[in-house]
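Peer 1: No letters, just coordinates:
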C-alpha cells in the first residue's frame, strides 16, 4: 500500500501523532521504547520528515537513534492548545461525574445503586450534574473544600 501526502497533510499527521503520543504517554513515568507498536509507527512516519520537506519540524537524534519534534514544531504547532482545551474540558466533566457518583453512593449505598434501573439512576444523576455544573461555571473551585476528619473534629482545607 502506498499513501501520498501533501506537505500540509503530513504536518497535520505529525500534529495528530503528537496528540496521540501525549494521551498515551504523558502520564507515564518511563519513556516508552521505540519497539512499542505505537512508538514504532510514530518513528516510521517521522522518518519521512526530510522527504516531506519538514526537517525543520522533526529531527533525528544520533545518540538515541530516534526522531523527535523540534523547537520549531513546538512553536508552530497548535497541538498543546488542543491538549490543554481537552484537559480542561475533561477535568470539569470528570470532577462533576465523580462528585455525582460519590453523592449517589453516599445517599443510596452500593447495593441500591447497582440494583437501580437506568431510568431512576439518570433521574437522580441529572439534577446533581446540573447543580455541580452551575456551581463550577459560576465559581470554579472557589467553594470547593476538603475535610480531614480526625478524632478531635474536622479540619477544613480551602482549595484556591
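Peer 2: Here it is on my side, so go on. Computed from a predicted model, the values in this text were never measured in an experiment. Residues are numbered from 1 along each chain as shown.
Peer 1: CA only for contacts and neighbour counts going forward, please
Peer 2: Fine.
Peer 1: quick one: secondary structure of residue 126?
Peer 2: Under the three-state scheme (DSSP: H, G, I helix; E, B strand; the rest coil), the conformation of residue 126 reads as helix.
Peer 1: In three-state terms, how would the residue lying closest to residue 11 once chain neighbours are set aside be classified?
Peer 2: Closest residue to residue 11 apart from its sequence neighbours, by CA to CA, 6 or more residues apart in numbering: residue 54 at 7.8 Å. Three-state secondary structure (criterion: three-state DSSP) places residue 54 in coil.
Peer 1: Next, count neighbours for residue 54.
Peer 2: Around residue 54 there are 17 other residues, counting by other CA atoms under 10 Å.
Peer 1: the strands in the protein, which residues?
Peer 2: Ranges of strands within the chain are 58-61, 66-69, 145-150, 153-158, based on DSSP state E.
Peer 1: Worst mean pLDDT among the ones you listed?
Peer 2: Here the strands of the chain differ in mean pLDDT, and the lowest is strand 153-158 at a mean of 61.
Peer 1: Lowest mean pLDDT among the helices and strands, pick that one out for this structure.
Peer 2: strand 153-158 (a mean of 61; mean pLDDT, DSSP states H and E).
Peer 1: what mean pLDDT does stretch 43-51 have?
Peer 2: Averaged across stretch 43-51, the pLDDT comes to 97.
Peer 1: Go through it and flag the buried ones.
Peer 2: Residues of stretch 43-51 classed as buried: 43, 46, 47, 49 (neighbour count, 16 or more other CA atoms under 10 Å).
Peer 1: next one: stretch 13-29
Peer 2: When neighbours are counted by 16+ other CA under 10 Å, the buried residues of stretch 13-29 are found to be 13, 14, 15, 17, 18, 19.
Peer 1: Can you pull the domain assignment for this protein?
Peer 2: The chain breaks down by automatic domain parsing into domains covering 7-76, 83-158.
Peer 1: Any chance of CSV for the ones you listed, columns distance to residue 1?
Peer 2: Compiled in CSV, these are given as follows (distance: least, CA to CA, whole Å):
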stretch, distance to residue 1
domain 7-76, 14
domain 83-158, 31
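Peer 1: quick one, which of those is packed in tightest?
Peer 2: domain 7-76 (a mean of 14; mean count of other CA atoms under 10 Å).
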